[in-house]
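> prediction below, plus the sequence it came from.
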Amino acid sequence: MHLVCFDTSALTPSQSNAIEHWVNNEFQPSTLTTKEQLQEMKWFSEVSKPYSGMEIRVVSERITTHWYEASVLAKAFYEITGIRVVHELTGEDDVIKKLSAQIMTRQNLYDAYINDSDLIGTHFRSDMILPLSDFMVLDGAEVTLPTLDLNDFIGLKFTTGPDGKLYQLPDQQFANLYWYRHDWFNRADFKKRFKANYGYELGVPQNWQAYEDIAEFFSEDVKEIDGERIYGHMDYAKTDPSLGWRMSDAWLSMAGVGDIGLPNGLPVDEWGIRVENCRPVGASVERGGALNSPAAVYAIDKFIYWLNRFAPEDSIHLNFTQAGEWPGKGLIAQQIFWYTAFVADLTRADLPVVNDDGTPKWRVAPSPVGKYWKTGMKSGYQDAGSWTLLKSTPLKRQQAAWLYAQFVVSKTVSLKKTLVGLTPIRQSDIDSDVMSERAPYLGGLVEFYRSRGRDVWTPTGTNVPDYPGLANYWWQYISKIVEGKVTTQDGMDHFATAVDQHLEEMSQQSTLKCAPKLNALSPANDWLMKPGSPKRRLKSAPVGKTLPYEEAINVWK
(Lines give C-alpha, C1' and ligand atoms only; values in the text may rest on other atoms or scores of the structure.)
Protein backbone atom coordinates (compact mmCIF):
# COMPACT_ATOMS: atom_id res chain seq x y z
CA MET A 1 0.00 0.00 0.00
CA HIS A 2 1.27 3.47 -0.90
CA LEU A 3 1.13 5.70 2.17
CA VAL A 4 0.67 9.44 1.76
CA CYS A 5 1.59 12.06 4.33
CA PHE A 6 0.28 15.64 4.55
CA ASP A 7 0.82 18.90 6.42
CA THR A 8 -0.02 18.23 10.06
CA SER A 9 1.16 21.52 11.58
CA ALA A 10 -2.35 22.59 12.62
CA LEU A 11 -3.22 19.26 14.24
CA THR A 12 -2.19 17.41 17.37
CA PRO A 13 0.08 14.41 16.82
CA SER A 14 -2.71 12.03 17.81
CA GLN A 15 -5.09 13.57 15.28
CA SER A 16 -2.49 13.48 12.52
CA ASN A 17 -1.71 9.83 13.23
CA ALA A 18 -5.41 8.98 13.42
CA ILE A 19 -6.15 10.58 10.06
CA GLU A 20 -3.29 8.80 8.32
CA HIS A 21 -4.20 5.51 9.95
CA TRP A 22 -7.88 5.61 9.01
CA VAL A 23 -7.36 6.91 5.48
CA ASN A 24 -4.59 4.47 4.64
CA ASN A 25 -6.01 1.40 6.37
CA GLU A 26 -9.80 1.65 6.45
CA PHE A 27 -11.15 4.27 4.04
CA GLN A 28 -10.03 2.50 0.90
CA PRO A 29 -11.13 2.40 -1.81
CA SER A 30 -12.45 5.91 -2.39
CA THR A 31 -13.36 8.05 -5.39
CA LEU A 32 -11.01 10.67 -3.97
CA THR A 33 -7.26 10.52 -4.21
CA THR A 34 -5.52 9.73 -0.95
CA LYS A 35 -4.32 13.31 -0.76
CA GLU A 36 -7.88 14.58 -1.16
CA GLN A 37 -9.06 12.19 1.55
CA LEU A 38 -6.40 13.42 3.94
CA GLN A 39 -7.38 17.04 3.29
CA GLU A 40 -11.06 16.28 3.84
CA MET A 41 -10.31 14.56 7.14
CA LYS A 42 -8.05 17.44 8.16
CA TRP A 43 -11.02 19.78 7.68
CA PHE A 44 -13.05 17.66 10.12
CA SER A 45 -10.24 17.80 12.70
CA GLU A 46 -9.83 21.55 12.48
CA VAL A 47 -13.51 22.52 12.41
CA SER A 48 -14.35 20.15 15.27
CA LYS A 49 -12.03 21.81 17.80
CA PRO A 50 -14.83 23.78 19.56
CA TYR A 51 -16.74 20.51 20.04
CA SER A 52 -13.86 18.28 21.13
CA GLY A 53 -14.72 16.42 24.31
CA MET A 54 -18.47 16.44 23.62
CA GLU A 55 -20.52 13.26 23.53
CA ILE A 56 -23.45 13.16 21.12
CA ARG A 57 -26.21 10.58 20.71
CA VAL A 58 -27.67 9.44 17.40
CA VAL A 59 -30.01 6.57 16.52
CA SER A 60 -30.74 4.52 13.41
CA GLU A 61 -32.34 1.25 12.36
CA ARG A 62 -30.38 -2.00 12.61
CA ILE A 63 -28.95 -2.80 9.15
CA THR A 64 -25.41 -3.60 8.00
CA THR A 65 -24.66 -0.04 6.86
CA HIS A 66 -25.55 1.44 10.23
CA TRP A 67 -23.71 -1.33 12.05
CA TYR A 68 -20.57 -0.24 10.17
CA GLU A 69 -21.17 3.37 11.16
CA ALA A 70 -21.78 2.53 14.80
CA SER A 71 -18.89 0.08 15.23
CA VAL A 72 -16.23 1.53 12.90
CA LEU A 73 -16.98 5.05 11.70
CA ALA A 74 -18.01 6.42 15.11
CA LYS A 75 -14.64 5.31 16.48
CA ALA A 76 -12.80 6.90 13.55
CA PHE A 77 -14.75 10.12 13.99
CA TYR A 78 -13.84 10.27 17.68
CA GLU A 79 -10.13 9.74 17.04
CA ILE A 80 -10.11 12.37 14.28
CA THR A 81 -12.33 15.01 15.91
CA GLY A 82 -12.43 14.31 19.65
CA ILE A 83 -16.25 14.09 19.51
CA ARG A 84 -17.53 10.89 21.04
CA VAL A 85 -20.59 9.38 19.34
CA VAL A 86 -23.04 6.99 20.93
CA HIS A 87 -24.62 5.54 17.76
CA GLU A 88 -27.57 3.44 18.87
CA LEU A 89 -29.05 0.71 16.66
CA THR A 90 -32.67 -0.34 17.05
CA GLY A 91 -35.73 -1.39 15.07
CA GLU A 92 -37.16 0.94 12.45
CA ASP A 93 -40.45 1.29 14.34
CA ASP A 94 -38.52 2.23 17.49
CA VAL A 95 -36.58 4.95 15.63
CA ILE A 96 -39.90 6.52 14.67
CA LYS A 97 -41.19 6.22 18.25
CA LYS A 98 -38.10 7.95 19.61
CA LEU A 99 -38.31 10.70 16.99
CA SER A 100 -42.00 11.21 17.75
CA ALA A 101 -41.28 11.34 21.49
CA GLN A 102 -38.74 14.11 21.01
CA ILE A 103 -41.13 16.07 18.81
CA MET A 104 -43.95 15.73 21.34
CA THR A 105 -41.93 16.48 24.48
CA ARG A 106 -39.38 18.86 22.91
CA GLN A 107 -36.81 17.18 25.14
CA ASN A 108 -33.48 16.49 23.45
CA LEU A 109 -33.44 12.70 23.53
CA TYR A 110 -31.03 12.35 20.58
CA ASP A 111 -28.92 14.88 18.71
CA ALA A 112 -29.70 13.43 15.28
CA TYR A 113 -31.80 10.67 13.74
CA ILE A 114 -31.31 8.52 10.67
CA ASN A 115 -34.93 7.99 9.77
CA ASP A 116 -36.59 7.08 6.50
CA SER A 117 -37.39 9.79 4.00
CA ASP A 118 -40.89 8.29 4.17
CA LEU A 119 -41.44 10.97 6.78
CA ILE A 120 -40.87 13.83 4.33
CA GLY A 121 -44.60 14.64 4.26
CA THR A 122 -44.54 14.86 8.05
CA HIS A 123 -41.30 16.79 8.26
CA PHE A 124 -42.10 19.59 5.84
CA ARG A 125 -45.51 20.18 7.46
CA SER A 126 -44.05 20.27 10.97
CA ASP A 127 -42.32 23.21 12.59
CA MET A 128 -40.17 20.80 14.61
CA ILE A 129 -37.72 19.70 11.88
CA LEU A 130 -34.68 21.80 11.03
CA PRO A 131 -34.55 22.47 7.25
CA LEU A 132 -31.00 21.53 6.32
CA SER A 133 -30.93 23.90 3.35
CA ASP A 134 -31.44 26.78 5.81
CA PHE A 135 -29.06 25.38 8.40
CA MET A 136 -26.21 24.97 5.92
CA VAL A 137 -26.19 28.69 5.08
CA LEU A 138 -27.02 30.01 8.56
CA ASP A 139 -26.13 28.41 11.92
CA GLY A 140 -24.46 25.43 10.28
CA ALA A 141 -22.45 27.29 7.66
CA GLU A 142 -19.13 27.03 9.51
CA VAL A 143 -19.56 23.28 10.04
CA THR A 144 -20.77 22.39 6.55
CA LEU A 145 -18.21 20.37 4.61
CA PRO A 146 -16.96 22.30 1.53
CA THR A 147 -16.64 19.00 -0.35
CA LEU A 148 -20.07 17.66 0.67
CA ASP A 149 -21.21 17.99 -2.98
CA LEU A 150 -24.99 17.73 -2.66
CA ASN A 151 -25.36 17.26 -6.41
CA ASP A 152 -23.60 13.91 -6.06
CA PHE A 153 -26.41 12.48 -3.88
CA ILE A 154 -28.92 10.44 -5.88
CA GLY A 155 -31.78 10.70 -3.39
CA LEU A 156 -32.23 14.40 -2.66
CA LYS A 157 -35.56 14.47 -4.53
CA PHE A 158 -36.85 12.11 -1.86
CA THR A 159 -35.84 14.40 1.02
CA THR A 160 -36.97 17.72 -0.42
CA GLY A 161 -40.36 19.17 0.48
CA PRO A 162 -42.86 20.84 -1.87
CA ASP A 163 -41.46 24.13 -0.56
CA GLY A 164 -38.12 23.30 -2.21
CA LYS A 165 -36.27 22.94 1.08
CA LEU A 166 -33.99 20.02 1.93
CA TYR A 167 -35.13 18.44 5.20
CA GLN A 168 -32.93 15.32 5.32
CA LEU A 169 -29.56 14.16 4.00
CA PRO A 170 -29.52 10.58 2.59
CA ASP A 171 -27.25 8.17 4.45
CA GLN A 172 -28.20 4.87 2.76
CA GLN A 173 -30.60 3.66 0.09
CA PHE A 174 -31.99 0.25 -0.82
CA ALA A 175 -34.90 -0.87 -2.98
CA ASN A 176 -37.42 -3.67 -3.06
CA LEU A 177 -36.89 -5.57 -6.31
CA TYR A 178 -37.77 -8.89 -7.89
CA TRP A 179 -35.35 -11.66 -6.81
CA TYR A 180 -35.07 -15.02 -8.52
CA ARG A 181 -32.87 -18.10 -9.02
CA HIS A 182 -31.21 -17.31 -12.32
CA ASP A 183 -29.67 -20.79 -12.47
CA TRP A 184 -33.02 -22.56 -12.10
CA PHE A 185 -34.70 -20.34 -14.67
CA ASN A 186 -31.97 -21.24 -17.18
CA ARG A 187 -32.31 -25.01 -16.79
CA ALA A 188 -33.33 -26.44 -20.15
CA ASP A 189 -35.68 -29.01 -18.59
CA PHE A 190 -37.52 -26.38 -16.56
CA LYS A 191 -37.77 -24.06 -19.55
CA LYS A 192 -39.25 -26.83 -21.67
CA ARG A 193 -41.78 -27.87 -19.02
CA PHE A 194 -42.86 -24.31 -18.31
CA LYS A 195 -43.37 -23.53 -22.00
CA ALA A 196 -45.45 -26.69 -22.39
CA ASN A 197 -47.62 -25.81 -19.39
CA TYR A 198 -48.14 -22.08 -19.89
CA GLY A 199 -47.45 -21.39 -23.53
CA TYR A 200 -44.69 -18.83 -23.06
CA GLU A 201 -41.05 -18.75 -22.01
CA LEU A 202 -39.82 -19.08 -18.45
CA GLY A 203 -38.13 -15.77 -17.72
CA VAL A 204 -38.29 -12.59 -15.66
CA PRO A 205 -42.01 -11.87 -15.11
CA GLN A 206 -43.28 -8.53 -16.36
CA ASN A 207 -46.72 -8.75 -14.79
CA TRP A 208 -48.37 -10.38 -11.82
CA GLN A 209 -49.98 -13.10 -13.91
CA ALA A 210 -46.57 -14.33 -15.05
CA TYR A 211 -45.30 -14.19 -11.46
CA GLU A 212 -48.25 -16.31 -10.37
CA ASP A 213 -47.69 -18.82 -13.16
CA ILE A 214 -44.01 -19.17 -12.20
CA ALA A 215 -44.91 -19.54 -8.53
CA GLU A 216 -47.36 -22.29 -9.40
CA PHE A 217 -44.83 -24.01 -11.66
CA PHE A 218 -42.08 -24.27 -9.05
CA SER A 219 -44.33 -24.95 -6.04
CA GLU A 220 -46.74 -27.43 -7.61
CA ASP A 221 -45.03 -28.85 -10.70
CA VAL A 222 -41.32 -28.95 -9.90
CA LYS A 223 -41.86 -29.29 -6.11
CA GLU A 224 -38.41 -30.74 -5.40
CA ILE A 225 -34.84 -30.15 -6.54
CA ASP A 226 -32.12 -32.57 -5.45
CA GLY A 227 -34.57 -34.15 -3.02
CA GLU A 228 -35.46 -30.91 -1.24
CA ARG A 229 -38.88 -29.25 -1.20
CA ILE A 230 -38.74 -25.92 -3.04
CA TYR A 231 -41.18 -23.03 -3.28
CA GLY A 232 -42.20 -20.67 -6.05
CA HIS A 233 -42.83 -17.70 -3.77
CA MET A 234 -41.59 -16.20 -0.49
CA ASP A 235 -43.20 -13.59 1.75
CA TYR A 236 -44.15 -12.94 5.37
CA ALA A 237 -47.33 -11.98 7.23
CA LYS A 238 -46.82 -12.15 10.99
CA THR A 239 -49.01 -9.71 12.91
CA ASP A 240 -46.13 -7.35 13.47
CA PRO A 241 -45.13 -3.78 12.47
CA SER A 242 -43.00 -5.23 9.66
CA LEU A 243 -46.20 -6.39 7.94
CA GLY A 244 -47.06 -2.72 7.74
CA TRP A 245 -43.81 -1.87 5.95
CA ARG A 246 -44.41 -4.79 3.62
CA MET A 247 -47.64 -3.11 2.50
CA SER A 248 -46.95 0.61 2.86
CA ASP A 249 -43.63 0.25 1.02
CA ALA A 250 -45.44 0.69 -2.29
CA TRP A 251 -47.22 -2.68 -2.62
CA LEU A 252 -50.36 -0.84 -3.71
CA SER A 253 -48.44 1.16 -6.30
CA MET A 254 -47.03 -2.06 -7.77
CA ALA A 255 -50.62 -3.19 -8.25
CA GLY A 256 -51.46 0.14 -9.88
CA VAL A 257 -53.54 1.78 -7.16
CA GLY A 258 -52.27 5.35 -7.51
CA ASP A 259 -51.92 7.88 -10.30
CA ILE A 260 -49.19 8.49 -12.82
CA GLY A 261 -46.39 10.73 -11.54
CA LEU A 262 -42.92 10.61 -9.99
CA PRO A 263 -41.58 10.32 -7.39
CA ASN A 264 -45.15 9.60 -6.21
CA GLY A 265 -48.51 9.56 -7.94
CA LEU A 266 -50.50 12.79 -8.08
CA PRO A 267 -53.13 13.55 -7.04
CA VAL A 268 -53.46 10.03 -5.55
CA ASP A 269 -50.31 8.36 -4.21
CA GLU A 270 -49.42 4.75 -3.37
CA TRP A 271 -51.06 5.04 0.06
CA GLY A 272 -54.31 5.86 -1.71
CA ILE A 273 -54.31 9.40 -0.28
CA ARG A 274 -55.53 12.18 -2.56
CA VAL A 275 -54.06 15.69 -2.26
CA GLU A 276 -55.27 18.95 -3.71
CA ASN A 277 -52.94 21.95 -3.55
CA CYS A 278 -50.70 20.01 -1.11
CA ARG A 279 -53.64 19.37 1.26
CA PRO A 280 -54.71 15.73 1.81
CA VAL A 281 -58.43 15.47 1.10
CA GLY A 282 -59.12 11.80 1.78
CA ALA A 283 -58.04 8.16 1.54
CA SER A 284 -61.42 6.52 0.99
CA VAL A 285 -62.93 6.22 -2.48
CA GLU A 286 -65.91 8.19 -1.17
CA ARG A 287 -63.60 11.19 -0.74
CA GLY A 288 -61.58 10.66 -3.90
CA GLY A 289 -58.89 8.43 -2.43
CA ALA A 290 -58.07 4.84 -3.36
CA LEU A 291 -57.18 2.96 -0.18
CA ASN A 292 -60.34 0.85 -0.39
CA SER A 293 -60.58 0.89 -4.18
CA PRO A 294 -60.90 -2.19 -6.41
CA ALA A 295 -57.19 -1.95 -7.21
CA ALA A 296 -56.28 -1.94 -3.50
CA VAL A 297 -58.50 -4.94 -2.82
CA TYR A 298 -56.87 -6.73 -5.77
CA ALA A 299 -53.41 -5.99 -4.33
CA ILE A 300 -54.24 -7.45 -0.91
CA ASP A 301 -56.06 -10.45 -2.36
CA LYS A 302 -53.03 -11.38 -4.46
CA PHE A 303 -50.71 -11.01 -1.48
CA ILE A 304 -52.80 -13.42 0.60
CA TYR A 305 -53.46 -15.89 -2.22
CA TRP A 306 -49.78 -16.23 -3.13
CA LEU A 307 -48.74 -16.47 0.52
CA ASN A 308 -51.17 -19.29 1.30
CA ARG A 309 -50.71 -21.26 -1.89
CA PHE A 310 -47.07 -20.93 -3.01
CA ALA A 311 -44.92 -19.88 -0.02
CA PRO A 312 -43.43 -22.05 2.74
CA GLU A 313 -46.01 -23.01 5.35
CA ASP A 314 -44.22 -20.99 8.05
CA SER A 315 -44.35 -17.74 6.06
CA ILE A 316 -47.56 -16.49 7.61
CA HIS A 317 -45.82 -16.60 11.02
CA LEU A 318 -42.60 -14.83 9.94
CA ASN A 319 -41.62 -11.17 10.24
CA PHE A 320 -39.37 -9.14 7.94
CA THR A 321 -36.09 -10.25 9.51
CA GLN A 322 -37.01 -13.94 9.75
CA ALA A 323 -38.27 -14.08 6.16
CA GLY A 324 -35.07 -12.42 4.98
CA GLU A 325 -33.11 -15.56 5.85
CA TRP A 326 -35.11 -17.84 3.56
CA PRO A 327 -33.73 -17.04 0.08
CA GLY A 328 -30.24 -17.90 1.32
CA LYS A 329 -31.35 -21.44 2.15
CA GLY A 330 -31.58 -22.32 -1.53
CA LEU A 331 -35.24 -23.36 -1.46
CA ILE A 332 -36.93 -20.31 -2.99
CA ALA A 333 -37.39 -19.83 -6.74
CA GLN A 334 -38.45 -16.20 -6.71
CA GLN A 335 -39.58 -13.37 -4.45
CA ILE A 336 -41.60 -10.48 -5.85
CA PHE A 337 -40.82 -8.16 -2.94
CA TRP A 338 -37.18 -8.44 -1.84
CA TYR A 339 -35.17 -5.67 -0.21
CA THR A 340 -31.69 -5.14 -1.61
CA ALA A 341 -30.54 -4.48 1.97
CA PHE A 342 -30.15 -8.28 2.00
CA VAL A 343 -27.66 -8.33 -0.91
CA ALA A 344 -24.68 -8.34 1.44
CA ASP A 345 -26.14 -11.30 3.36
CA LEU A 346 -26.79 -13.29 0.17
CA THR A 347 -23.25 -12.99 -1.21
CA ARG A 348 -21.56 -15.08 1.49
CA ALA A 349 -19.44 -17.85 0.01
CA ASP A 350 -20.88 -20.51 2.32
CA LEU A 351 -24.44 -20.17 1.02
CA PRO A 352 -26.02 -22.62 -1.44
CA VAL A 353 -27.12 -19.66 -3.59
CA VAL A 354 -23.51 -18.62 -4.33
CA ASN A 355 -21.25 -20.24 -6.94
CA ASP A 356 -17.74 -21.48 -6.14
CA ASP A 357 -16.25 -18.42 -7.87
CA GLY A 358 -18.23 -16.09 -5.60
CA THR A 359 -20.80 -15.03 -8.18
CA PRO A 360 -24.46 -15.39 -7.15
CA LYS A 361 -26.82 -18.00 -8.56
CA TRP A 362 -29.56 -15.38 -8.19
CA ARG A 363 -30.37 -12.05 -9.84
CA VAL A 364 -32.48 -8.99 -9.09
CA ALA A 365 -34.65 -7.51 -11.81
CA PRO A 366 -37.48 -4.99 -12.24
CA SER A 367 -40.53 -5.95 -10.22
CA PRO A 368 -43.56 -7.26 -12.13
CA VAL A 369 -46.61 -5.02 -11.93
CA GLY A 370 -50.30 -5.60 -11.37
CA LYS A 371 -53.12 -5.21 -13.85
CA TYR A 372 -54.00 -1.64 -12.78
CA TRP A 373 -50.45 -0.33 -13.31
CA LYS A 374 -49.76 2.12 -16.17
CA THR A 375 -46.55 3.43 -17.69
CA GLY A 376 -45.47 6.58 -15.87
CA MET A 377 -46.32 5.30 -12.41
CA LYS A 378 -43.74 4.44 -9.78
CA SER A 379 -42.68 0.79 -10.04
CA GLY A 380 -41.73 0.01 -6.46
CA TYR A 381 -40.28 1.22 -3.21
CA GLN A 382 -36.85 2.55 -2.31
CA ASP A 383 -35.76 3.18 1.26
CA ALA A 384 -33.72 6.31 1.84
CA GLY A 385 -32.59 6.40 5.46
CA SER A 386 -31.60 10.01 6.00
CA TRP A 387 -30.06 12.31 8.58
CA THR A 388 -32.61 14.51 10.34
CA LEU A 389 -32.03 17.30 12.86
CA LEU A 390 -34.69 18.65 15.22
CA LYS A 391 -35.13 22.27 16.27
CA SER A 392 -35.39 21.14 19.89
CA THR A 393 -31.73 20.08 19.86
CA PRO A 394 -29.40 22.80 21.27
CA LEU A 395 -27.41 24.55 18.56
CA LYS A 396 -23.96 23.30 19.59
CA ARG A 397 -25.23 19.74 19.67
CA GLN A 398 -26.89 20.22 16.25
CA GLN A 399 -23.56 21.38 14.86
CA ALA A 400 -21.59 18.48 16.35
CA ALA A 401 -24.15 15.96 15.10
CA TRP A 402 -24.11 17.56 11.65
CA LEU A 403 -20.35 17.03 11.55
CA TYR A 404 -20.80 13.33 12.27
CA ALA A 405 -23.58 13.02 9.70
CA GLN A 406 -21.38 14.55 7.01
CA PHE A 407 -18.43 12.42 8.06
CA VAL A 408 -20.26 9.13 7.43
CA VAL A 409 -21.47 10.27 4.00
CA SER A 410 -18.29 12.06 2.94
CA LYS A 411 -16.53 11.00 -0.24
CA THR A 412 -13.58 9.85 1.86
CA VAL A 413 -15.81 7.25 3.50
CA SER A 414 -18.81 6.63 1.26
CA LEU A 415 -17.41 4.14 -1.27
CA LYS A 416 -16.01 1.86 1.44
CA LYS A 417 -19.30 2.11 3.33
CA THR A 418 -21.15 1.23 0.12
CA LEU A 419 -19.04 -1.90 -0.34
CA VAL A 420 -19.80 -2.96 3.25
CA GLY A 421 -23.55 -2.35 3.31
CA LEU A 422 -24.39 -2.14 -0.42
CA THR A 423 -26.73 0.82 0.11
CA PRO A 424 -25.27 3.48 -2.25
CA ILE A 425 -26.09 7.17 -1.99
CA ARG A 426 -23.55 8.88 -4.29
CA GLN A 427 -23.45 8.92 -8.08
CA SER A 428 -19.65 9.05 -8.01
CA ASP A 429 -19.50 5.80 -6.03
CA ILE A 430 -22.01 4.06 -8.32
CA ASP A 431 -20.07 5.07 -11.43
CA SER A 432 -16.67 4.09 -9.99
CA ASP A 433 -14.44 1.40 -11.49
CA VAL A 434 -14.60 -0.37 -8.15
CA MET A 435 -18.36 -0.87 -8.50
CA SER A 436 -17.88 -2.09 -12.08
CA GLU A 437 -15.50 -4.72 -10.76
CA ARG A 438 -17.95 -5.75 -8.05
CA ALA A 439 -21.02 -5.81 -10.32
CA PRO A 440 -20.79 -9.51 -11.35
CA TYR A 441 -20.85 -10.48 -7.67
CA LEU A 442 -23.90 -8.39 -6.74
CA GLY A 443 -26.58 -9.93 -8.93
CA GLY A 444 -27.79 -6.81 -10.75
CA LEU A 445 -27.62 -4.27 -7.92
CA VAL A 446 -25.07 -2.07 -9.70
CA GLU A 447 -27.07 -2.20 -12.92
CA PHE A 448 -30.14 -1.03 -11.02
CA TYR A 449 -28.41 1.99 -9.51
CA ARG A 450 -26.87 2.94 -12.84
CA SER A 451 -30.29 3.01 -14.49
CA ARG A 452 -33.42 5.11 -14.33
CA GLY A 453 -34.80 2.42 -12.05
CA ARG A 454 -33.49 4.31 -9.06
CA ASP A 455 -35.85 7.17 -10.01
CA VAL A 456 -39.02 5.08 -10.41
CA TRP A 457 -38.48 3.03 -7.23
CA THR A 458 -39.31 5.72 -4.70
CA PRO A 459 -40.01 6.16 -0.96
CA THR A 460 -43.29 7.29 0.55
CA GLY A 461 -43.99 10.82 -0.59
CA THR A 462 -45.40 14.12 0.59
CA ASN A 463 -49.07 13.09 0.34
CA VAL A 464 -48.70 11.32 3.70
CA PRO A 465 -48.96 14.10 6.29
CA ASP A 466 -48.25 12.08 9.44
CA TYR A 467 -46.16 8.99 8.77
CA PRO A 468 -45.60 8.10 12.46
CA GLY A 469 -49.31 8.40 13.19
CA LEU A 470 -50.52 6.53 10.10
CA ALA A 471 -47.82 3.86 9.62
CA ASN A 472 -49.14 1.56 12.36
CA TYR A 473 -52.58 1.48 10.76
CA TRP A 474 -51.22 -0.71 7.98
CA TRP A 475 -50.30 -3.77 9.98
CA GLN A 476 -53.22 -3.41 12.38
CA TYR A 477 -55.82 -3.44 9.60
CA ILE A 478 -54.06 -5.73 7.09
CA SER A 479 -53.41 -8.36 9.75
CA LYS A 480 -57.15 -8.71 10.38
CA ILE A 481 -57.64 -9.46 6.69
CA VAL A 482 -54.75 -11.95 6.63
CA GLU A 483 -56.12 -13.71 9.71
CA GLY A 484 -59.56 -14.00 8.07
CA LYS A 485 -61.33 -11.88 10.67
CA VAL A 486 -62.79 -9.63 7.95
CA THR A 487 -63.11 -9.76 4.19
CA THR A 488 -60.57 -7.81 2.16
CA GLN A 489 -63.15 -5.23 1.11
CA ASP A 490 -64.48 -4.71 4.63
CA GLY A 491 -60.97 -4.55 6.04
CA MET A 492 -59.85 -1.93 3.53
CA ASP A 493 -63.09 0.04 4.09
CA HIS A 494 -62.35 0.16 7.82
CA PHE A 495 -58.74 1.08 7.08
CA ALA A 496 -59.70 3.94 4.74
CA THR A 497 -62.25 5.26 7.25
CA ALA A 498 -59.63 5.25 10.00
CA VAL A 499 -57.18 7.19 7.83
CA ASP A 500 -59.90 9.70 6.94
CA GLN A 501 -60.65 10.17 10.62
CA HIS A 502 -56.96 10.74 11.35
CA LEU A 503 -56.77 13.31 8.55
CA GLU A 504 -59.88 15.02 9.96
CA GLU A 505 -58.21 15.30 13.36
CA MET A 506 -55.11 16.78 11.73
CA SER A 507 -57.24 19.35 9.92
CA GLN A 508 -57.92 20.96 13.31
CA GLN A 509 -54.24 21.81 13.75
CA SER A 510 -54.28 25.42 12.65
CA THR A 511 -50.48 25.80 12.69
CA LEU A 512 -49.82 22.82 10.40
CA LYS A 513 -48.57 23.66 6.93
CA CYS A 514 -50.67 22.13 4.13
CA ALA A 515 -53.02 20.63 6.72
CA PRO A 516 -55.64 18.11 5.54
CA LYS A 517 -59.00 19.44 4.40
CA LEU A 518 -61.32 16.51 3.69
CA ASN A 519 -63.58 16.31 0.67
CA ALA A 520 -67.25 15.78 1.40
CA LEU A 521 -68.46 12.18 1.14
CA SER A 522 -69.82 11.21 -2.28
CA PRO A 523 -71.06 7.91 -3.72
CA ALA A 524 -68.03 5.74 -4.54
CA ASN A 525 -69.18 5.26 -8.12
CA ASP A 526 -69.00 9.02 -8.75
CA TRP A 527 -65.24 8.87 -8.22
CA LEU A 528 -64.73 5.49 -9.92
CA MET A 529 -66.26 6.78 -13.14
CA LYS A 530 -63.75 9.63 -13.36
CA PRO A 531 -60.34 9.30 -15.11
CA GLY A 532 -57.34 8.29 -13.02
CA SER A 533 -57.31 6.92 -9.49
CA PRO A 534 -59.48 5.54 -7.89
CA LYS A 535 -59.97 3.07 -10.72
CA ARG A 536 -62.93 0.92 -11.65
CA ARG A 537 -62.72 -2.84 -11.20
CA LEU A 538 -61.02 -4.68 -14.05
CA LYS A 539 -62.56 -8.11 -14.52
CA SER A 540 -60.11 -9.54 -17.02
CA ALA A 541 -56.55 -10.56 -16.21
CA PRO A 542 -53.67 -9.94 -18.63
CA VAL A 543 -51.83 -12.84 -20.20
CA GLY A 544 -48.56 -13.68 -18.48
CA LYS A 545 -45.50 -12.02 -20.00
CA THR A 546 -41.81 -12.67 -19.36
CA LEU A 547 -38.50 -11.45 -20.75
CA PRO A 548 -34.99 -12.89 -20.73
CA TYR A 549 -32.89 -11.33 -17.98
CA GLU A 550 -30.73 -9.43 -20.47
CA GLU A 551 -33.83 -7.75 -21.91
CA ALA A 552 -35.58 -7.28 -18.57
CA ILE A 553 -32.78 -5.17 -17.10
CA ASN A 554 -33.00 -2.85 -20.11
CA VAL A 555 -36.34 -1.69 -18.72
CA TRP A 556 -34.24 0.30 -16.27
CA LYS A 557 -32.28 2.17 -18.93
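Everything's here; your move.
> touching, Gly321 and Trp245? I think so.
Not Gly; residue 321 is Thr. No: using C-beta atoms under 8 Å, Thr321 is not in contact with Trp245, being 11.3 Å away. For glycine as for every other residue, the C-beta is placed from the backbone atoms N, C-alpha and C.
> who's more crowded, these two?
When Thr321 and Trp245 are compared on other C-beta atoms under 10 Å, the one with more neighbours turns out to be Trp245, at 23 against 13.
> got the contact list for the closest residue to that one other than its chain neighbours?
What sits nearest to Trp245 in space, not counting adjacent residues and going by C-beta to C-beta, 6 or more residues apart in numbering, is Phe320, at 6.6 Å. Taking C-beta atoms under 8 Å, 6 or more residues apart in numbering, we find Phe320 in contact with 236, 240, 242, 245-246.
> so which of these is the closest to Glu551?
Arg246 (28.7 Å; C-beta to C-beta).
> report all helices and strands that the helix or strand hosting the closest one contacts.
Assigned by DSSP states H and E, Arg246 falls within helix 241-248. Helix 241-248 sits against helix 92-105, helix 320-323, helix 467-482, with contacts defined as 3 or more C-beta pairs under 8 Å, 6 or more residues apart in numbering; DSSP states H and E.
> what about the last one, distance to the chain center?
What that stands for is helix 467-482. Distance of helix 467-482 from its chain centroid, counting by C-alpha atoms, centre = their mean, to the nearest Å, is 18 Å.
> try stretch 120-136
That offset, for stretch 120-136, works out to 20 Å (C-alpha atoms, centre = their mean).
> now do stretch 24-33
The answer for stretch 24-33 is 27 Å, by C-alpha atoms, centre = their mean.
> for it, buried residues please.
Using 16 or more other C-beta atoms under 10 Å as the test for burial, stretch 24-33 gives 24, 27-28, 30-32.
> let's have those in a markdown table, adding secondary structure, pLDDT and distance to Ile304.
Below are the buried residues of stretch 24-33 laid out as a markdown table (DSSP: H, G, I helix; E, B strand; the rest coil; pLDDT from 0 to 100; distance: C-beta to C-beta, whole Å):
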| residue | secondary structure | pLDDT | distance to Ile304 |
| --- | --- | --- | --- |
| Asn24 | helix | 95 | 54 |
| Phe27 | coil | 97 | 47 |
| Gln28 | coil | 97 | 48 |
| Ser30 | coil | 98 | 47 |
| Thr31 | coil | 98 | 45 |
| Leu32 | coil | 98 | 50 |
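> list just the nearest of these to Leu389.
Phe27 (24.9 Å).
> can you point me to the longest strand in this structure?
Counting by DSSP state E, the longest strand found in the chain is strand 169-181.
> and that one, how far from the chain's centre?
Centroid separation for strand 169-181 versus its chain: 6 Å, with C-alpha atoms, centre = their mean.
> ok, stretch 433-446 next?
Distance, stretch centre to chain centre, for stretch 433-446: 20 Å (C-alpha atoms, centre = their mean).
> kindly report the same for stretch 26-35.
With C-alpha atoms, centre = their mean, you get 27 Å for stretch 26-35.
> how about the contacts of Phe320 in JSON lines, adding pLDDT and distance to Met104?
Listed next are the contacts of Phe320 as JSON lines, based on pLDDT from 0 to 100; distance: C-beta to C-beta, whole Å:
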{"residue": "Tyr236", "pLDDT": "97", "distance to Met104": "31"}
{"residue": "Asp240", "pLDDT": "91", "distance to Met104": "24"}
{"residue": "Ser242", "pLDDT": "90", "distance to Met104": "24"}
{"residue": "Trp245", "pLDDT": "90", "distance to Met104": "23"}
{"residue": "Arg246", "pLDDT": "94", "distance to Met104": "27"}
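> quick one, phi psi at the residue positioned nearest the centre of the chain?
Closest to where the C-alpha atoms of the chain average out (C-alpha atoms, centre = their mean) is Asp383, at 1.4 Å. Main-chain dihedrals, Asp383, degrees, to the nearest 10: phi -80, psi 140.
> surely it meets Gly421?
No: with contact defined as C-beta under 8 Å, Asp383 does not reach Gly421; the gap is 12.0 Å.
> which neighbours do those two have in common?
Common contacts of Asp383 and Gly421 (C-beta under 8 Å, 6+ apart): 172, 341.
> how about the strands in the stretch 401-550 of the chain?
Ranges of strands in the stretch 401-550 of the chain, per DSSP state E, counting those that start in this stretch, are 546-547.
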